[in-house]
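Q: Pasted the sequence and its predicted model underneath.
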Amino acid sequence: MTAQILDGKATASEIKAELTLRVDRLREHGVVPGLGTILVGDDPGSQWYVAGKHRDCAEVGIASIRRDLPATISQAELEAVVEELNDDPSCTGFIVQLPLPPHIDTDAILELVDPAKDADGLHPTNLGRLVLNLSRPITTPLPCTPRGVIELIRRHGIDLEGKHVVVIGRGVTVGRAIGSLLTRRDVNATVTLTHTGTVDLDAHLRLADVIVSAAGVPDLVTADNVKPGAVVLDVGVSRVIDPDTGKSRVAGDVAADVAEVASWISPNPGGVGPMTRALLLQNVVESAERALEVAP
Ligand SMILES: Nc1nc(=O)c2c([nH]1)NC[C@@H]1CN(c3ccc(C(=O)N[C@@H](CCC(=O)O)C(=O)O)cc3)C=[N+]21
């Protein structure tokens, strides 16, 4: 068996084409969605990610509001910039690019973001509402990577109903949030959340119909610990220096030999990453649509 590919690039393009039409409709109502980004310092990786998000915005017609700030900015000055975007009507969603410098209280900054403008979908209020919302329609921003994982699976015609999903990694952006989405009544999957404290990880993985690996450990998932026919998603964001090119590249959690036993596999890069970026745009568009619904 050679696994079929969960093509994140093509699926993200589909989503961006849909969003372009939704942005056009918003513009017809005089509303231009705007993504704000707050970038502190000059880390090249963060600059690259933020530039990519603004390229994505231009592709679908979302306006860009950039706040590139010095690494020496004080807590109070940064809080003032967050409040400025909270109050800026041209900004319908924004992110504070992580990580922030060590002298900044990150939690305090993230909690200051208006939950209605939380384009990451990771604000405590929005995560709390997600935990409490088992089956009602969702009216709050959703965490981009967990939603991207589910959209990628669904748009390839795979049904998650009753499937056993084993998640590796308990980080906020994926592991701690994805179970709340997968166990909603309209998804109805069963979830096991594994992590560095899990005893005999392989025994859990071998039971999985679907594996979502967000551990950041290169080649953690191999053909030996995957049930034949499983669906495997690689969300690992580790990077290594490629010995041949000397350049930094993604080193995914999933080893190449898994393609021989899995039924579907998401490549990395080219799988969940582009989906994360597309769902960020979707949060911005949905926030603008919700604001319009309540607008007089
Ligand atoms: N407030 C905040 N929100 C974020 O969403 C956020 C953040 N801070 N800080 C940094 C991480 C990183 N992140 C990625 C998104 C897409 C790709 C992505 O599209 N990667 C490409 C590969 C890119 C490459 O080749 O290096 C892919 O997977 O195909 C990667 C990483 C979002 N982040």
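A: Sure, I can see it.
Q: CA only for contacts and neighbour counts going forward, please
A: Noted.
Q: And the contacts of the particular helix or strand that has residue 56 in it?
A: Counting by DSSP states H and E, the element that carries residue 56 is helix 44-60. Counting by CA atoms under 8 Å, 6 or more residues apart in numbering, helix 44-60 makes contact with 16-17, 19-20, 23, 35, 37, 39, 63-64, 97-98, 277-278, 281, all of which sit outside it.
Q: Distance-wise, check residue 205 relative to residue 290.
A: In this structure, residue 205 and residue 290 are 40 Å apart, going by CA to CA, to the nearest Å.
Q: Those two: which has the busier surroundings?
A: For the pair residue 205 and residue 290, the greater number of neighbours falls to residue 205 (25 against 14), based on other CA atoms under 10 Å.
Q: Need the three-state assignment for the residue positioned nearest the centre of the chain.
A: The residue lying closest to the centre of the chain (CA atoms, centre = their mean) is residue 145, at 2.2 Å. State at residue 145, reduced to three classes by DSSP: H, G, I helix; E, B strand; the rest coil: helix.
Q: residues touching it, list them.
A: When the contact criterion is CA under 8 Å, 6+ apart, the partners of residue 145 are 173-174, 272-273, 275-276, 279.
Q: Of the residues you listed, which ones also sit close to the ligand?
A: 272-273, 276 (CA under 6 Å from any ligand atom).
Q: Go through those residues and say which is closest to the ligand.
A: Taking CA to the nearest ligand atom as the measure, the ligand lies nearest residue 273 of these, at 3.4 Å.
Q: Run through the residues of the stretch 51-200 of the chain sitting next to the ligand.
A: Within reach of the ligand by CA under 6 Å from any ligand atom, the stretch 51-200 of the chain has these residues: 95-98, 120.
Q: about what we covered before: of the contacts of helix 44-60, buried ones?
A: 16, 19-20, 23, 35, 37, 39, 63-64, 277-278, 281 (16 or more other CA atoms under 10 Å).
Q: No more questions from me, cheers.
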